[in-house]
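# this one's structure only:
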């Protein structure tokens with residue numbers, strides 16, 4: 001074999017390696033990264049639309065009603081008979097159940 005043939009074979013092997021690598025990256029992007037971005041955007045919209053009276057569940061499993069919003073924290077009323085309120089981070093909210101006004 002000549003040197004030119006060896007270089008041509010090596011160059012083709014490198015190009016043959018880049019195509020599957022690119023396809024793997026594209027597959028990872030569409031299967032992992034895009035759904036995570038959509039989920040993060042949906043969560044930010046939910047937290048942005050949070051208002052007083054919404055019933056929520058925290059990531060720790062605490063159920064309560066939003067009593068006030070103060071920047072990055074939320075005042076959560078978890079009991080009404082002996083009135084109990086706690087302050088939680090807005091990021092600790094896992095889901096919004098319903099609004100008090102919706103009843």
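Alright, I've got the coordinates. Quick caveat, the model's predicted, so the values are computed rather than measured.
# what's the helix or strand for the residue nearest in space to the middle of the chain?
Nearest residue to the geometric centre of the chain (C-alpha atoms, centre = their mean): residue 40, 2.9 Å. Residue 40 is located in helix 34-48, with elements delineated by DSSP states H and E.
# May I see the buried residues of that helix?
residue 47 (16 or more other C-beta atoms under 10 Å). To be clear about C-beta, it is placed using only N, CA and C from the backbone, and glycine gets the same treatment.
# and that helix, average pLDDT?
Summarised as a single mean, pLDDT over helix 34-48 is 93.
# mind checking how far residue 28 is from residue 35?
11 Å (C-beta to C-beta, to the nearest Å).
# pretty sure residue 56 belongs to a strand, no?
Yes. Assessed by DSSP: H, G, I helix; E, B strand; the rest coil, residue 56 belongs to a strand.
# Can you name the residues bridging to it?
Residue 56 has these beta-bridge partners by DSSP bridges: residue 64, residue 96.
# can you check residue 87 too?
Note on residue 87: beta-bridge partners by DSSP bridges are residue 75.
# and if you look at residue 68?
residue 75.
# My guess is it contacts residue 77. True?
No. Using C-beta atoms under 8 Å, residue 68 is not in contact with residue 77; the gap is 9.0 Å.
# Looking at those two, which is more packed in?
residue 77 (16 against 12; other C-beta atoms under 10 Å).
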